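Participant: next come a sequence and a model predicted from it.
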Amino acid sequence: MTASTTMTIRLDPQLKAKLGRLANGTRRSRSFLAAEAVETYVDRELAIIEGIERGLADVEGGRTVSHEDAMATVQRAIEAAAGGTA
């Protein structure tokens, strides 16, 4: 079993009631579902931040393509896919 810690959060009463309904419907505890929701949110937000940081590092390192070059590449791909008729 993994170690855990306790954290207190404030919820709107309606959200707490919905969490209770979900807990009843899934036969899971509200605590389990809340922890799962927080983990999913934190993982998603951290992935976004890490992506932004990688993008900023690419800009600083000169690893970028101009909008015009990117659009020209996309247009060539569209034309190739359309058999050169686009």
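Facilitator: Yes, it's here.
Participant: so what's the spatially most central residue of the chain up against?
Facilitator: Geometric centre of the chain, nearest residue: Arg44, 3.6 Å, by Cα atoms, centre = their mean. Residues counted as contacts of Arg44 (Cβ atoms under 8 Å, 6 or more residues apart in numbering): none. To be clear about C-beta, it is placed using only N, CA and C from the backbone, and glycine gets the same treatment.
Participant: quick one: secondary structure of it?
Facilitator: helix (DSSP: H, G, I helix; E, B strand; the rest coil).
Participant: gap between the two ends of stretch 2-11?
Facilitator: 26 Å (Cα to Cα, to the nearest Å).
Participant: show me where pLDDT drops low in the chain?
Facilitator: 1, 84-86 (pLDDT under 70).
Participant: show me where it has helices.
Facilitator: 13-26, 30-60, 67-81 (DSSP state H).
Participant: same for the shortest one, what does it pack against?
Facilitator: Read it as helix 13-26. helix 30-60 (3 or more Cβ pairs under 8 Å, 6 or more residues apart in numbering; DSSP states H and E).
Participant: what about the helix it packs on, distance to the chain center?
Facilitator: 6 Å (Cα atoms, centre = their mean, to the nearest Å).
Participant: what's the angle from that helix to helix 13-26?
Facilitator: 110 degrees (axes from the mean of the first three to the mean of the last three Cα atoms, to 10 degrees).
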